[in-house]
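[1] Fold the following and give me the result.
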Amino acid sequence: MCKRSKFQRIPAKPNRSQMANCIYCGAETCLYQSETPLCVKCAEAMGAKPPPPKRAPLHKDHVRRILLLEVAETTARAEAASAEFKVIISSIPTGIPHPDGTQRIHQASHNLSNARKDMMLAHSRLDNLLISGVIPEDLKSTGDGE
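    Below you'll find the model as predicted:
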């Protein structure tokens, strides 16, 4: 019989036997944490933290599409920030801004700078994939199911 612990004991389902193997050490267990088999020893060693979420491995074409979309979104954002900056600058015909005009110029400049940095990062990530085949860490798979 299973030891008592703070984990949930899930009754057997038609597609799952009563005892399962711990995802870390492979020991038989009837305890599950978040629908994941986990033995008491491993659970205590982990401090009862849930296992990291699993994601399906991504095909390079799918990663390329994600990165192309990221480039398009950041480019559109940079173009919008540039247009906003030009409107603010052109609304000051005398060259002497209103009291709040200086703050508006600084904010628009800051937004434009951040949008351009994001766009450059998106281009760099896409270049790394296309040239070197390097998939960005945040898009790499961590398992075999989602």
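
[2] Surely Tyr23 forms part of a helix?
    You called it Tyr, but residue 23 is Ile. No: secondary structure assignment places Ile23 outside any helix; it is coil (DSSP: H, G, I helix; E, B strand; the rest coil).

[3] What separation do you get for it and Cys39?
    As judged by C-beta to C-beta, to the nearest Å, Ile23 and Cys39 stand 9 Å apart. Any C-beta I mention is one placed from the backbone N, CA and C, and that applies to glycine too.

[4] if you count what's nearby, which of the two comes out ahead?
    Cys39 (24 against 16; other C-beta atoms under 10 Å).

[5] so who does that one touch?
    22, 24-25, 27-29, 31 (C-beta atoms under 8 Å, 6 or more residues apart in numbering).

[6] make it 6 Å
    22, 27, 29 (C-beta atoms under 6 Å, 6 or more residues apart in numbering).

[7] quick one, longest helix in this protein?
    With DSSP state H applied, the helix covering the greatest number of residues in the chain is identified as helix 60-90.

[8] what about Gln103, neighbour count?
    Gln103 has 11 nearby residues by other C-beta under 10 Å.

[9] And it, which helix or strand is it part of?
    Using DSSP states H and E, Gln103 sits within helix 101-127.

[10] report the angle between the axes of that helix and helix 60-90?
    Taking axes from the mean of the first three to the mean of the last three C-alpha atoms, to 10 degrees, helix 101-127 and helix 60-90 form an angle of 160 degrees between their directions.

[11] Report the buried residues of the longest helix of the chain.
    Residues of helix 60-90 classed as buried by neighbour count (16 or more other C-beta atoms under 10 Å): 63, 66-67, 70-71, 74-75, 77-78, 81, 84-85, 88.

[12] That one packs against which elements?
    If contacts are counted by 3 or more C-beta pairs under 6 Å, 6 or more residues apart in numbering; DSSP states H and E, helix 60-90 sits against helix 101-127.
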